[in-house]
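**Q** Output the structure for:
(2 chains)
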Amino acid sequence: DAGVIQSPRHEVTEMGQEVTLRCKPISGHNSLFWYRQTMMRGLELLIYFNNNVPIDDSGMPEDRFSAKMPNASFSTLKIQPSEPRDSAVYFCASSLSGRSETQYFGPGTRLLVL
Amino acid sequence: QKEVEQNSGPLSVPEGAIASLNCTYSDRGSQSFFWYRQYSGKSPELIMFIYSNGDKEDGRFTAQLNKASQYVSLLIRDSQPSDSATYLCAVNSGGSNYKLTFGKGTLLTVNP
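**A** Numbers count the residues shown, from 1 in each chain, chains lettered A, B, ... in the order given. Predicted structure coming up:
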C-alpha cells in the first residue's frame, strides 16, 4: 500500500524563483497537512486541509506561500518568490478525519534556496 | 505561544539500558500527547500516543503523562542501536484534535 508521495524529493533553486512542491495523500485519507522543518524552529504546521478545503492556514508564514488541494489525491505548496530563509524540509502528511493519531508523513522535500 | 520543550541531547545510552526522554508543555488545555521517532534524513514516524495520566506501555516503549506537572516522558527498555534517532514530543494544541505542536526533539544514541 503506497504511503504519502511527495515530489520532488530535493529542490535547489535561486532566490526569487517560484517553487512548487507536490503531494499525493494516502488513498482514502480525507485530511492533508503541510509542515516545514528547520533546525531553528523545528517541525511546524503550515496548513491543514479537510475534504480538500483549507481549514487552518494560520501557520503559513507570509503571502509568498500558498497551498491548494484541487482534489482528494493531490495538493501543492507554492513559494513565490523564494528566499534563502525558506530553505527547509517540507513534509506532507495525511490522516483519516484529521486526527493526529492517524497522521502519516511523506518522505519530505528538501528545499535549498541559494 | 504554545510551547513544547525537550532536551536536545544527545542522550547516549549503552545497548540494553533504559533510555528516558522527557518533554514539558505549556498549554494546560492539551489533551493528547504523542511521541514520534525520526531517523536522520527521514520523516517522523508515530510510535506512541497517550491521553490519560499514568503509564501506557507498548512493547519496549512506555509513555508517561503527568498533566498536573505538564510533563510527558518516553521510556525505551532494552535499548537497541536501531533505536538511535531523534525523538519528537508533540501535543495537540489549541483544543484541536489535528493541530500538533512539536518539540525540537532529543537525539538518542544507543551504543553497542
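**Q** Excluding covalently adjacent residues, which one is nearest to the residue nearest the centre of chain A?
**A** In chain A, the centroid-proximal residue (C-alpha atoms, centre = their mean) is A:W34; its distance is 3.1 Å. Counting by C-beta to C-beta, 6 or more residues apart in numbering or on different chains, the nearest residue to A:W34 once its immediate chain neighbours are dropped is A:L46, at 4.4 Å. Where you see a C-beta, it was placed from the backbone N, CA and C, and this is true even at glycine.
**Q** contacting residues around the one you found?
**A** Going by C-beta atoms under 8 Å, 6 or more residues apart in numbering or on different chains, A:L46 touches A:33-36, A:57, A:59-61, A:65, A:67, A:77.
**Q** Let's see that with 6 Å instead.
**A** Applying C-beta atoms under 6 Å, 6 or more residues apart in numbering or on different chains to A:L46 gives the contacts A:34, A:36, A:59-60.
**Q** where does the chain have low pLDDT?
**A** In the absence of a named chain, chain A is used. Judged by pLDDT under 70, chain A has its weakly predicted residues at A:1.
**Q** nope, chain B please
**A** Judged by pLDDT under 70, the stretches of chain B that qualify are B:1-2.
**Q** Tell me how far A:K24 lies from A:S31.
**A** When C-beta to C-beta, to the nearest Å is the yardstick, A:K24 and A:S31 sit 14 Å from each other.
**Q** rewinding a little: would you check which pair of the contacts of A:L46 lies furthest apart?
**A** Taking C-beta to C-beta as the measure, the contacts of A:L46 span a maximum distance of 9.8 Å, between A:R36 and A:M60.
**Q** what about the two, which has more around it?
**A** A count of neighbours by other C-beta atoms under 10 Å in any protein chain shown puts A:R36 above the other of A:R36 and A:M60, at 22 against 18.
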